[in-house]
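Colleague: Give the three-dimensional model of this entry:
(chains A and B)
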Protein chains: 2
Amino acid sequence: MSEQARAFVPGHVTGFFTVDRADDPTETGSRGGGLALSDGVSVTVEPAAETAVTLDGERVEMAAVERVLEALRVSARVTAETPLPLGAGFGVSGATALGTALAANAAFDRALSYNELVTIAHGAEVQAGTGLGDVVGQARGGVPLRLEPGAPRHNYVDAIPARARVEYHTLGELSTADVVGGDTATLTRAGERALSMVVEDPTLDTFTRASRQFSREAELLTEDVGRVVRDVTGAGGDAAMAMLGETVFSFGTGLTDAGYDASVCEVYPPGATVENGPP
Amino acid sequence: MSEQARAFVPGHVTGFFTVDRADDPTETGSRGGGLALSDGVSVTVEPAAETAVTLDGERVEMAAVERVLEALRVSARVTAETPLPLGAGFGVSGATALGTALAANAAFDRALSYNELVTIAHGAEVQAGTGLGDVVGQARGGVPLRLEPGAPRHNYVDAIPARARVEYHTLGELSTADVVGGDTATLTRAGERALSMVVEDPTLDTFTRASRQFSREAELLTEDVGRVVRDVTGAGGDAAMAMLGETVFSFGTGLTDAGYDASVCEVYPPGATVENGPP
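Modeller: Numbers count the residues shown, from 1 in each chain, chains lettered A, B, ... in the order given. Predicted coordinates:
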């Protein structure tokens, strides 16, 4: 057991997705497409007598993070910091779970592999009901296309080979658990159609178009988000909704051109990384 | 067809490897472990009437690069620049092939996915006889462990979750084609033993120890490299040989502590990336 360790995990905006349930949480997951973002979550882990998790200075309960620490058989102080809003479709809970796995592995010399840690964090998210595909997308980085669901041994992940400036604007929260816990047949069919579009033409333009189509077909597009998307397309840009939050994303300067005071970041090619390894 | 495009591909030092041949070049490859390095190859591709490849300003013949352009059905001027020595175990030919695939895809709007481009570059390297595992390691980034050989649809890649400062010192060249073209049964058994050690304990310390053991068991350790490795261990550090070149690598300050004027870089977490995507 050593000192504290730190990891950085990119935020992850999902454009479209399916829900694929199996008996085993590591086979459960989602297919779909997303963006790993340079705005992410920094997670510091240090050994402690009792587990405590803080996010931006506030004590929080994050079931996925607690499950990760239990799987590693450690108790620790977990300190997470992020510029991203919670519950708005950026995968903050998945990022915190994955960052905790990577940093705890280093802090406690657990000697697990990258894929083993991703599997632990993915399984914890699935069992907590807070996400199905964020952890896998965050582990890949870039513009991940999840072609087969589940953790590393089961899934298959490709990517769109592109980088871009990304803008986002958040109007409010949506509950992932409410959506993925309900009837997901319609959503999954819409997700499969969107994924087919992007596999056929893996470019950022098609990614945005497929995401916009998905949000309508899956009946997840809210009135407020739809209005912002129309503002962006009206200004000559292109935008879509981030799943699952009342958030709009666009490439380039789409949102600012439409007059929104958007947050700006970029596609982040590396996946989640431990920050201070030996030596 | 648009303008020029650029990609960056990390150098890749192989610590240990197997040779796994199949009828299909995309199933042929190698298992093993390596380091993706922040010292890499920048590749610029622009449309041209006739294909021409330069490396650090000199016109070169690189069969793998030409095969990549043929697979994409384009002719182009390819300009590669790198601080890494050629033929010294850094995967410069694989990096140039993969960078050409990524940049040509962007410059000619070919709309292929990341894995499709990796598969094209891997197959080109295999058919050119210049490498078996570099392209896959360079596509992954970090400290890749290639657990199953071949291109993305066939392989399985894990990683050691760590970052580190890397030093290297090159004494001369070795021919990859000479080694992997000969009898590789002894080498492959040694590679499997090294890989098992690292899968059991995926840490950088074990990576170096397994690499050192591999170079002896595969009978690839040269006298000059062996002397440098002993100098480093004598100075309290740890080092091993880069496959396939007369190159020694160490983590931290191993080589400089032993008095060598080593080159310094670090583990590079992102895989190969296109530099200028839209918009």
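Colleague: Show me the shaky parts of the stretch 51-200 of chain A.
Modeller: Nowhere does the stretch 51-200 of chain A drop to pLDDT under 70.
Colleague: now whichever strand or helix holds residue A:266: mean pLDDT?
Modeller: Assigning secondary structure by DSSP states H and E places residue A:266 in strand A:263-266. The average pLDDT within strand A:263-266 is 97.
Colleague: which residues in the stretch 51-200 of chain A form helices?
Modeller: Shown for the stretch 51-200 of chain A, the helices assigned by DSSP state H, counting those that start in this stretch span residues A:63-71, A:92-107, A:114-128, A:134-140, A:176-181, A:185-200.
Colleague: got the CA coordinates for the first one in CSV?
Modeller: Once non-C-alpha atoms are left out, helix A:63-71 reads as follows in CSV (Å, rounded to 0.1, in the frame of the first residue of the first chain):
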residue,chain,number,x,y,z
ALA,A,63,-23.1,3.6,-5.5
ALA,A,64,-20.9,2.7,-8.4
VAL,A,65,-17.8,4.2,-6.7
GLU,A,66,-18.5,2.3,-3.5
ARG,A,67,-19.0,-0.9,-5.5
VAL,A,68,-15.6,-0.4,-7.2
LEU,A,69,-13.8,0.0,-3.8
GLU,A,70,-15.6,-3.1,-2.5
ALA,A,71,-14.4,-5.0,-5.5
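Colleague: Report the angle between it and helix A:114-128.
Modeller: 130 degrees (axes from the mean of the first three to the mean of the last three C-alpha atoms, to 10 degrees).
Colleague: Compute the inter-axis angle for helix A:63-71 and helix A:92-107.
Modeller: Put simply, helix A:63-71 runs at 20 degrees to helix A:92-107, going by the same axes, to 10 degrees.
Colleague: Give the buried residues for helix A:63-71.
Modeller: Judged by neighbour count using 16 or more other C-beta atoms under 10 Å in any protein chain shown, the buried positions of helix A:63-71 are A:64, A:65, A:66, A:67, A:68, A:69, A:71. Heads up, the C-betas are built off the backbone N, CA and C, glycines and all.
Colleague: Any chance of a markdown table for the residues you listed, columns distance to chain B?
Modeller: As requested, the buried residues of helix A:63-71 are exported to a markdown table (distance: C-beta to the nearest C-beta, whole Å):
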| residue | distance to chain B |
| --- | --- |
| A:64 | 18 |
| A:65 | 17 |
| A:66 | 21 |
| A:67 | 19 |
| A:68 | 14 |
| A:69 | 16 |
| A:71 | 15 |
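Colleague: Okay, residue A:161 and residue A:144: tell me how far apart.
Modeller: 11 Å (C-beta to C-beta, to the nearest Å).
Colleague: and what of residue A:88?
Modeller: 19 Å.
Colleague: Name the residue in those two with the higher neighbour count.
Modeller: Using other C-beta atoms under 10 Å in any protein chain shown as the criterion, residue A:88 and residue A:144 rank with residue A:144 on top: 25 against 21.
Colleague: Tell me who's in contact with the more buried one.
Modeller: A:33, A:34, A:36, A:136, A:137, A:157, A:158, A:159 (C-beta atoms under 8 Å, 6 or more residues apart in numbering or on different chains).
Colleague: Not counting sequence-adjacent ones, nearest residue to it?
Modeller: Nearest residue to residue A:144, sequence neighbours excluded (C-beta to C-beta, 6 or more residues apart in numbering or on different chains): residue A:137, at 4.3 Å.
Colleague: What residues does the stretch 151-279 of chain A have near chain B?
Modeller: Proximity of the stretch 151-279 of chain A to chain B (C-beta under 8 Å from any C-beta of the partner chain) is limited to residues A:152-153, A:156, A:158-165, A:199, A:201-205, A:251-252, A:267, A:269-271, A:273-279.
Colleague: which residues touch residue A:16?
Modeller: By C-beta under 8 Å, 6+ apart, the residues touching residue A:16 are A:32, A:33, A:190, A:191, A:194, A:195, A:210, A:211, A:214, A:215, A:218, A:243.
Colleague: Now that we're looking at it, what pLDDT does it have?
Modeller: 97.
Colleague: Next up, identify which helix or strand it is on.
Modeller: Using DSSP H and E, residue A:16 sits in strand A:5-17.
Colleague: what's downstream of that strand, the next helix or strand?
Modeller: Next along from strand A:5-17, by DSSP H and E: strand A:32-47.
Colleague: name the helices or strands packed onto that following strand?
Modeller: strand A:5-17, strand A:76-81, helix A:92-107, helix A:134-140, strand A:144-148, helix A:185-200, helix A:204-217, strand A:263-266 (3 or more C-beta pairs under 8 Å, 6 or more residues apart in numbering or on different chains; DSSP states H and E).
Colleague: switch to 6 Å and redo it
Modeller: With contacts defined as 3 or more C-beta pairs under 6 Å, 6 or more residues apart in numbering or on different chains; DSSP states H and E, strand A:32-47 has these neighbours: strand A:5-17, strand A:76-81, helix A:92-107, strand A:144-148, strand A:263-266.
Colleague: Show me what residue of the stretch 51-200 of chain A gets nearest to chain B.
Modeller: residue A:162 (3.5 Å; C-beta to the nearest C-beta).
Colleague: Give me the three-state assignment for residue A:249.
Modeller: Residue A:249 falls in the strand class when you classify it by DSSP: H, G, I helix; E, B strand; the rest coil.
Colleague: Same question for residue A:236.
Modeller: Taking three-state DSSP as the rule, one finds residue A:236 in the coil state.
Colleague: Just the pLDDT for it.
Modeller: In this model, residue A:236 carries a pLDDT of 95.
Colleague: Look at it and say how many residues are nearby.
Modeller: Residues near residue A:236, counting by other C-beta under 10 Å, number 9.
Colleague: Repeat that for residue A:135.
Modeller: Neighbour count for residue A:135, taken as other C-beta under 10 Å: 32.
Colleague: Distance of it relative to residue A:55?
Modeller: Counting by C-beta to C-beta, the gap from residue A:135 to residue A:55 is 17 Å.
Colleague: cool, residue A:275 as well?
Modeller: From residue A:275 to residue A:55 the distance is 18 Å (C-beta to C-beta).
Colleague: need the contact list for residue A:10.
Modeller: A:36, A:37, A:40, A:138, A:268 (C-beta atoms under 6 Å, 6 or more residues apart in numbering or on different chains).
Colleague: try it again with 10 Å
Modeller: With contact taken as C-beta atoms under 10 Å, 6 or more residues apart in numbering or on different chains, residue A:10 is in contact with A:35-41, A:84, A:90-91, A:95, A:98, A:137-142, A:265, A:267-273.
Colleague: Select only the buried ones of those in ChimeraX?
Modeller: The ChimeraX command for the buried members of those (criterion: 16+ other C-beta under 10 Å) is given here:
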select /A:35,36,37,38,39,40,41,84,90,91,95,98,137,138,139,140,141,142,265,267,268,269,270,271,272,273
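Colleague: Throw the helices of the stretch 51-200 of chain A into a markdown table and include distance to residue A:46, thanks.
Modeller: Formatted as a markdown table, the helices of the stretch 51-200 of chain A follow (distance: least, C-beta to C-beta, whole Å):
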| stretch | distance to residue A:46 |
| --- | --- |
| helix A:63-71 | 12 |
| helix A:92-107 | 6 |
| helix A:114-128 | 18 |
| helix A:134-140 | 22 |
| helix A:176-181 | 29 |
| helix A:185-200 | 39 |
